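J.: okay, predicted coordinates and the sequence, questions at the end:
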Amino acid sequence: MTTVYWMQSGGCGGDTYSLLSSNILDINDMFKNLGIVLLWHPSFSNISPTEHLNMIDNILNRTLPLDILILEGAIIRGPAGTGMFDTKNGRPKKDLFHSLAMNARYVVAVGTCAAFGGFGVDHSIEATGLQFCKRKREGFLGENFTSLSGMPVINLAGCPCHHDVISGTLMAIASGVNLELDEYQRPIEWYGTMVHQGCTRNEYHEYRIEESDFGEMGCLFFHMGCAGPLVPGPCNKLLWNGQSSKPRAGVPCFGCTDPEFPRATPFFYTPNIEGIPLQLPRGVNRAHYMVYKGMAAEAAPERLKKRTSKV
Amino acid sequence: MSNIIKGINIPLNRVEGDLEIHVDIADGVITDAWSCGTMYRGFEEMMTGRGVLDGLVITPRICGICSLSHLTAAIGALDVLTNIILPDNAIRLCNLALMAETIQSDMRQSVLMYMVDFANPAAYSLHPLFEDAFRRYEPLKGSSAIDTIRETKSLVEVIAIIGGQWPHTSFMVPGGVTSIPEIHKILQCRMIINNFRTWYEKRVLGCSIERWNEVITVGKLYEWLEESEKHSESEVGFFLRFAMEAQIDQIGRGTENFISFGSLLLPESTIVKKNAGGRFVASGFAQGTKVELFDQFKISEDISHSWYHQTNDGKALHPFKGSTKPYASGNSGEQYSWAKAPRYDGFPAETGPLAEMVVDESPLFKDMINKHGANAMIRELARIVRPAKLLLIMDIWLDELMENRKAPFYTSIKDIADGEGAGIIEAARGALGHWVSVKNGRISRYQIITPTAWNGSPRDRNNIRGPWEEALIGTPVKNPDNLIEAGHVIRSFDPCMVCSVH
């Protein structure tokens, strides 16, 4: 048996609705298979407020073992560090989360708000992620926090997080697998490839067939603000809702798995110098990349130039 | 001597975010209520100064269950500034995606968040239908819960086919949509919707949509219920039987002011008929069942009881003039919620499927209200049966899309002019508006009024309660530790607190 307590704070519930699209199995079957007992979920539980309070007491005095504590949404610290922008019974909700985190075997941040703070970091709500605040390892639980298992916070980035990453992480923990994490504590299993990988527009990218308007077949990286080559994630590998991804449907990747999401510069636009993006695909050498792309554009086949290849 | 309990605080879950209700109880009946949205999120503040298209990426993230509604409202506001005629196919694709989102929301709320209370043994172990309810609605285990999870998961694939993913895509852009699905994907959408409809008719209605549409009076509803076991054992039938036995039809009357902004633009060429306001879902404001024309300039937001700086001497403002400056003063004064108090022509108004039915002149729901008044049961019933109205139209738009597949889905827009625009639509939970001001190519003001702000509004400066505060008055309380009746009243409005405290 693996117990799960799911808490929501400064967020939209989108990770919960993402999880309902789990491709691995429908969540009811998945929980049953893995022996997961969902102690509490704000959107699904039907116990009374009194029973809920008793449950929290039992977790805090450790008569009820808590295997996985999930937070969806950012920790809200504002105004001025008081947490009064997000309260439960008049008290800051961040305090309740802190107490629960001290008693959990694993702590999982689901979604970019919980992982890195997301939308409210630079605003009055003073949002932060659990162990990170954007790129800095100075989130709510502190840089040295580890849960009872010895693992730091597991960051399932994404806005929302991909459904199969959430189910996959539950599956791994319930099966006793320790996930290897990257520098921002995202499991390499899913954040070891770029969003670009598997995009059906890759051939257009390869030969630098660029688009600067919506509704076309070509690559959205050079002008339309697509972050697919810049950020990691499985969107084009595992697909969304078993069907597609934003770039496949002509919507640029907004880079939502990045600690800096949402970026300060306008969406749907690639900051550039003389047509070359300021930010190049992760890890490439700028001079080599420019030569390669110049040659690639020269070598582009007609079927791509004429946009006859489907995406 | 009467038994008075003052200031009980009820935290409510299954309301998409955090909600606490303070109630006074006298002799086992709620005598007063205060609705408190306990979180502030600051989305309007964070939009100021951003790029003009950024609302299309950021505002859907206000809500994980109605993210496309926010996208639709955000693009609606920009469409006013670009002033172009959208290609028919763009309209069809936007509508199909939005309708799929609305239907998943209606079904998930009804089964996973509303009827799940019927499976609460602490409240209903003595109810004659309890065993059946538990078998159907036990959280994530009941047969109806499992069906709903499976069927809605399949339905949102339609949105992913059109827009790439759900939730949180931004496929609607100024001038249209970013792509049109390939032929086999359009055909797949049709199959998904047909499959969903088969399940909806068999399990949720227990009859064909056409048969359900014959239920146009309260009398015919009872006849329908008794006509066959298929009807009485369906989700609708079971809901009605359980709710009447539990007297959910006796609680939650509310203000009986109803507002619908109207929604779903019609393509130039379509066989679907326009309703009041020129769109598929009618717009209007009603007191009781008397409907009048809707005028968005009669909307204002009052902040006298909300935790915001009291600008403009506390006078309510139209959202083109409104501001959002948080002030966390705690529970010491007049202020008690992060939700503002929207008013129409000065009145509080409820919004959502029931309001849509009234404004749309639905004979069944008008008859129910005229005979017995609004209540928590019919408010929830309107939600469970709304998909019947949408599924028929989805079919038509898919056919039209197939026939016109080669026609444009996007018109190029190079610049968006400075100015003001309002995107006014019906989300799953009711009236949603985005009011945007653009100056020098940047967003200079962004105000949002969500459905739950209407329904869960606090008092205004005339001390008039919001709709569900009003609806709670007179609600009986059997057990002050488990105020399940109050929960039924509030959840009949399908609260989305994350939206209302954006």
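T.: Okay, I see it. Quantities reported herein were computed from a predicted structural model and do not represent experimental measurements. Residues are numbered from 1 along each chain as shown, chains lettered A, B, ... in the order given.
J.: mind giving me the domain split of chain A?
T.: Domains of chain A are assigned by automatic domain parsing as A:2-189, A:193-311.
J.: strands along the stretch 351-500 of chain B, start to end?
T.: Counting by DSSP state E, counting those that start in this stretch, the segments of the stretch 351-500 of chain B that form strands are B:419-427, B:430-439, B:442-449.
J.: would you point out which residue is most central in chain B?
T.: For chain B, B:Arg429 is the residue whose C-alpha lies nearest the centre (Cα atoms, centre = their mean; 0.4 Å).
J.: per-residue pLDDT, the closest residue to that one other than its chain neighbours?
T.: Distance criterion Cβ to Cβ, 6 or more residues apart in numbering or on different chains; nearest residue to B:Arg429, sequence neighbours excluded, is B:Pro451 at 3.7 Å. Every residue, glycine included, has its C-beta placed from N, CA and C. In this prediction, B:Pro451 carries a pLDDT score of 97.
J.: how close does B:Pro451 sit to B:Thr351?
T.: 5 Å (Cβ to Cβ, to the nearest Å).
J.: give me phi/psi at the residue nearest to the centre of chain B?
T.: phi -90, psi 0 (degrees, to the nearest 10).
J.: who touches it in this structure?
T.: B:66, B:105, B:351-352, B:450-452, B:455, B:493-496, B:499 (Cβ atoms under 8 Å, 6 or more residues apart in numbering or on different chains).
J.: about what we covered before: could you dump the strands of the stretch 351-500 of chain B into TSV with distance to B:Arg203 added?
T.: Shown next, in TSV, are these (distance: least, Cβ to Cβ, whole Å):
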stretch	distance to B:Arg203
strand B:419-427	25
strand B:430-439	26
strand B:442-449	35
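J.: out of those strands, which gets nearest to chain A?
T.: Chain A lies closest, by Cβ to the nearest Cβ, to one member of the strands of the stretch 351-500 of chain B: strand B:442-449, at 8.9 Å.
J.: what residues are up against the nearest residue to B:Leu483 once chain neighbours are set aside?
T.: Setting aside the residues directly before and after it, B:Leu483 is nearest to B:Ile10 in space (Cβ to Cβ, 6+ apart), at 5.1 Å. Shown in contact with B:Ile10 (Cβ under 8 Å, 6+ apart): A:49, B:20-23, B:483, B:486-487.
J.: give me whichever of the strands of the stretch 351-500 of chain B is most buried.
T.: strand B:430-439 (a mean of 25; mean count of other Cβ atoms under 10 Å in any protein chain shown).
J.: does that one reach chain A?
T.: No. In terms of Cβ under 8 Å from any Cβ of the partner chain, no part of strand B:430-439 sits within range of chain A; the closest distance is 12.5 Å.
J.: what strands flank that strand, and is each parallel or antiparallel?
T.: Note on strand B:430-439: by DSSP bridges, its sheet partners are strand B:419-427 (antiparallel), strand B:442-449 (antiparallel).
J.: looking at these, which is nearest to A:Phe116?
T.: strand B:442-449 (23.4 Å; Cβ to Cβ).
J.: contacts for that closest one, please.
T.: B:43-44, B:47-52, B:54-55, B:59, B:62, B:70, B:73, B:299, B:301, B:319-320, B:322-324, B:340, B:342, B:431-438, B:502.
J.: just the C-alpha atoms of it, please, in CSV.
T.: Output of strand B:442-449 as CSV, limited to C-alpha atoms (Å, rounded to 0.1, in the frame of the first residue of the first chain):
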residue,chain,number,x,y,z
ARG,B,442,1.2,46.5,-24.5
ILE,B,443,-1.6,45.5,-22.2
SER,B,444,-2.3,48.4,-19.9
ARG,B,445,-5.3,47.0,-18.0
TYR,B,446,-6.8,43.5,-17.7
GLN,B,447,-10.0,42.8,-15.8
ILE,B,448,-11.7,39.5,-15.6
ILE,B,449,-15.1,38.6,-14.1
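J.: that strand: how far from the chain's middle?
T.: The chain centre lies 22 Å from the centre of strand B:442-449; the measure is Cα atoms, centre = their mean, to the nearest Å.
J.: check stretch B:315-327 too.
T.: 23 Å.
J.: mind listing what's buried in that stretch?
T.: B:316-317, B:319-320, B:322-324, B:326 (16 or more other Cβ atoms under 10 Å in any protein chain shown).
J.: out of these, what pair is the most spread apart?
T.: B:Phe320 and B:Pro326 (20.3 Å).
J.: so A:Leu220 touches A:Cys226, yeah?
T.: Yes. Contact criterion Cβ atoms under 8 Å: A:Leu220 and A:Cys226 qualify, at 3.7 Å.
J.: identify the contacts common to the two.
T.: A:247, A:252-253.
J.: who wins on neighbours among those residues?
T.: A:Pro247 (29 neighbours; other Cβ atoms under 10 Å in any protein chain shown).
J.: so who does B:Gly346 touch?
T.: Contacts of B:Gly346 by Cβ under 8 Å, 6+ apart are B:300, B:462.
J.: mind listing the helices for the stretch 1-150 of chain A?
T.: Secondary structure of the stretch 1-150 of chain A by DSSP state H, counting those that start in this stretch: the helices cover A:14-19, A:27-34, A:49-60, A:93-101, A:112-116.
J.: in the stretch 151-300 of chain A, what residue is nearest chain B?
T.: A:Pro266 (2.7 Å).
J.: so what's the residue count around that residue?
T.: 16.
J.: now swap in the one 10 residues further on and tell me
T.: Close neighbours of A:Ile276, defined as other Cβ under 10 Å, add up to 13.
J.: what does A:Gln279 give?
T.: A:Gln279 has 14 nearby residues by other Cβ under 10 Å.
J.: surely it is in a strand?
T.: No. Applying DSSP: H, G, I helix; E, B strand; the rest coil, one finds A:Gln279 to be coil, outside a strand.
J.: grab the nearest non-local neighbour of it.
T.: A:Leu230 (5.7 Å).
J.: in three-state terms, label the one you found for me.
T.: Assignment for A:Leu230 (three-state DSSP): coil.
J.: could you check how many residues crowd around it?
T.: 20.
J.: OK, contacts around it?
T.: A:194, A:255, A:258, A:279, A:281-282 are the contacts of A:Leu230 under Cβ under 8 Å, 6+ apart.
J.: what does A:Val37 give?
T.: Contacts of A:Val37 (Cβ under 8 Å, 6+ apart): A:1-4, A:31.
J.: now swap in A:Ala287 and tell me
T.: Going by Cβ under 8 Å, 6+ apart, the list of residues near A:Ala287 is empty.
J.: isn't there a helix covering it?
T.: Yes. Under three-state DSSP, A:Ala287 sits within a helix.
J.: tell me how far it lies from A:His223.
T.: A:Ala287 is 21 Å from A:His223, by Cβ to Cβ.
J.: for the stretch 201-311 of chain A, which segments are assigned as helices?
T.: Using DSSP H, counting those that start in this stretch, helices in the stretch 201-311 of chain A cover A:202-206, A:235-238, A:286-298, A:302-305.
J.: out of those, which is closest to B:Ser362?
T.: helix A:235-238 (41.0 Å).
J.: quick check: residues of the stretch 201-311 of chain A near chain B?
T.: A:213-215, A:235, A:240-251, A:254, A:256, A:262, A:265-269, A:310.
J.: give me the residue from the stretch 301-450 of chain B nearest chain A.
T.: Closest point on the stretch 301-450 of chain B to chain A, by Cβ to the nearest Cβ, is B:Tyr410, at 3.6 Å.
J.: sorry, back to before: what residues are shared contacts of B:Pro451 and B:Thr351?
T.: B:429-431.
J.: got the contact list for the residue nearest to B:Pro387 when sequence neighbours are not counted?
T.: Among residues not flanking B:Pro387 along the chain, B:Ile103 sits closest, at 4.5 Å (Cβ to Cβ, 6+ apart). B:Ile103 is in contact with B:152, B:155, B:196, B:386-387, B:390-391, counting by Cβ under 8 Å, 6+ apart.
J.: check A:Phe267 too.
T.: A:225, A:252, A:254, B:51, B:53-54, B:56-57, B:170.
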